[in-house]
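[1] Predicted model, plus sequence, below.
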Amino acid sequence: MSDLTLRQLRYLSALADTRHFRNAAEREGSSQPSLSVQISNLEETLALPLVERGRGPVTLTPAGREVLLRAQAILDDVQRLMDVSTALKSGLSGTLRLGVSPTLGPYLMPWVVAELHSAYPDLSLYIRESAPSDLRFELERGGHDIVLTQLPMTGADLTTRRLFREPLSLVTASDHPLARLSQITDDDLTGQAILSLGPGYALHDQISALCSDTGAELQRDYEGTSLDALRQMVGMGMGATFLPALYIASEIGAAAPSLEIRPRAKLFRSVGLVWRKRSGKTAAFERIADAITQIARTRFKGLVQVER
């Protein structure tokens, strides 16, 4: 007795559809004698007559019709399994755990989610916002598969893909002394109170370094917990700050007449994707990076500068 094979089930299905051995063989890319032998082998394996043989169109026996129903269900399951295999090989199916900085998520992720859902409908994103220091810890321990954040995020086992550079602009209250100036120099910043997010954010490190270089005074006793908090403290006259372009376009713009925005030449933050080198999903993550880069290039043209 031979083993039952998927080929035999496909041949039976084709025979039921075409009702002719020759037509079934042609559809399956086989010869008529080979298909006939496989049908006979299937009957022998099951110890059941499946086909009424004679002149004219082929008719399945009652047992053949019952077996056909089971065969078609098996073939459907196998096809779904193959589809899952193809999707898994691409790396863009199932659930992906994405960590994102709160200084980026609200202003970028709606576009990213929509684009990835359209391009990869079998992919689900589980998104969590955290400060970059927490994102790195979760990434290294396997809590996140990939992280979208301000760079740098360094680690011996981490891969970084730079996506775009985002300008930072000085934001002050409308009655702040710097609000009267159309351009802000380093000398203008000397002695000025500058607000920032707390440690753990790359933006904090960047603004802290800027204060050291220009002689501005970083207000460590009044560190913001979010970009919104910084904006509100600036509006209350507690100091000036530097905010990224996507946040300004989304949350400030012309809707905040009490604030003044002054772009600062050559002041950017770099945004990128980070993942573990040994994740085995580099090709998939590169496709996600490509999708985000395309969003930056089209949706945010003029606001950010794509890295490559």
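    That came through, no problem.
[2] Please tell me how far Ser118 sits from Val112.
    Using Cβ to Cβ, to the nearest Å, Ser118 is found at 11 Å from Val112. For every residue, glycine as well, the C-beta is placed using N, CA and C.
[3] The two: which has the busier surroundings?
    Taking neighbours as other Cβ atoms under 10 Å, Ser118 and Val112 compare with Val112 leading, 22 against 9.
[4] Please give the element, helix or strand, for the more buried one.
    Using DSSP states H and E, Val112 falls within helix 105-119.
[5] got the contact list for that helix?
    For helix 105-119, contacts defined as Cβ atoms under 8 Å, 6 or more residues apart in numbering pick out 92, 100, 123, 125, 127, 129, 148, 246-247, 249-251, 288, 291-292, 294-295, 299.
[6] what about that helix, average pLDDT?
    The average pLDDT within helix 105-119 is 90.
[7] tell me which residues in the lengthiest helix in the chain are buried?
    Ranked by residue count under DSSP state H, the longest helix found in the chain is helix 62-90. For helix 62-90, burial by neighbour count (16 or more other Cβ atoms under 10 Å) applies to Gly64, Val67, Leu68, Ala71, Ala87.
[8] likewise stretch 264-271?
    Under 16+ other Cβ under 10 Å, the buried positions of stretch 264-271 are Arg264, Phe268, Arg269, Ser270, Val271.
[9] now swap in stretch 277-290 and tell me
    Going by 16+ other Cβ under 10 Å, stretch 277-290 has these buried residues: Ser279, Lys281, Ala284, Phe285, Arg287, Ile288, Ala289.
[10] ditto for stretch 195-202
    Leu195, Ser196, Leu197, Gly200, Tyr201, Ala202.
[11] Quick one: low-confidence residue ranges for the stretch 1-150 of the chain.
    1-2, 83-84, 86-91 (pLDDT under 70).
[12] got a list of what Leu181 touches?
    Leu181 touches Asp188, Arg262, counting by Cβ under 8 Å, 6+ apart.
[13] swap in the one 5 residues further on?
    Listed by Cβ under 8 Å, 6+ apart, the contact partners of Asp186 are Asp213, Thr214, Gly215.
[14] hmm, try it at 10 Å
    By Cβ atoms under 10 Å, 6 or more residues apart in numbering, the contact set of Asp186 is Leu210, Asp213, Thr214, Gly215, Ala216, Arg264.
[15] So which residues of the stretch 201-308 of the chain form helices?
    For the stretch 201-308 of the chain, applying DSSP state H, counting those that start in this stretch gives helices covering 202-214, 227-235, 245-247, 282-298.
[16] now these in CSV, with distance to Gly191 and mean pLDDT?
    Formatted as CSV, the helices of the stretch 201-308 of the chain follow (distance: least, Cβ to Cβ, whole Å; pLDDT from 0 to 100):
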stretch, distance to Gly191, mean pLDDT
helix 202-214, 9, 95
helix 227-235, 17, 93
helix 245-247, 26, 93
helix 282-298, 36, 91
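[17] Would you point to the one among these that's packed deepest?
    helix 245-247 (a mean of 23; mean count of other Cβ atoms under 10 Å).
[18] For that helix, which helices and strands make contact with it?
    Helices and strands touching helix 245-247, by 3 or more Cβ pairs under 10 Å, 6 or more residues apart in numbering; DSSP states H and E, are helix 105-119, strand 158-173, helix 227-235, strand 259-276.
[19] is it possible to export these to a markdown table including distance to Ala14?
    Output for those, formatted as a markdown table (distance: least, Cβ to Cβ, whole Å):
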| stretch | distance to Ala14 |
| --- | --- |
| helix 105-119 | 35 |
| strand 158-173 | 47 |
| helix 227-235 | 62 |
| strand 259-276 | 45 |
